[in-house]
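Participant: Build me a structure from this.
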Amino acid sequence: MAYTKTKRPYKKEYEQYQGTEEQKKNRAKRNAARRKLMKEGVVKKGDGKDVDHKKPLSKGGTNKRSNLKAKPKSANRSFARTSTKKVK
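Facilitator: Model (predicted):
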């Protein structure tokens, strides 16, 4: 959703989505995965890399080392799209 003429309602977004218990748990899992790879020296703060789950947490993936890999942010944050621009 693009906010070109109005301010983005960050507080409302947090209350309705990011602040829910489910999202807090998911964020904690993602942070734990990053810490795991930081300990191994695979990623470091400010290196421009994201920790990618080969099988996403939302699809039943885990934080096991075999499910984690480091990817550039540009590759990890772009998704394959259909002809109607929806995420596959």
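Participant: what's the neighbour count on Lys36?
Facilitator: Residue neighbour count, defined by other Cβ atoms under 10 Å, stands at 16 for Lys36. (Glycine included, C-beta is placed from N, CA and C.)
Participant: pretty sure Pro72 contacts Gly48?
Facilitator: Yes - with contact defined as Cβ atoms under 8 Å, Pro72 and Gly48 form a contacting pair (6.3 Å).
Participant: okay, the two: which has more neighbours?
Facilitator: Each of Pro72 and Gly48 has its neighbours counted (other Cβ under 10 Å); Pro72 has more, 12 against 8.
Participant: mind listing what the one residue sitting closest to the centre of the chain touches?
Facilitator: Centroid check for the chain by Cα atoms, centre = their mean gives Arg30 as the closest residue, at 7.0 Å. For Arg30, the contacting residues are Val51, Leu57, taking Cβ atoms under 8 Å, 6 or more residues apart in numbering as the criterion.
Participant: Just the buried positions in the helix or strand harbouring Lys25, please.
Facilitator: Per DSSP states H and E, Lys25 falls inside helix 21-40. Of the residues in helix 21-40, those with enough neighbours to count as buried (16 or more other Cβ atoms under 10 Å) are Ala33, Arg34, Lys36, Leu37.
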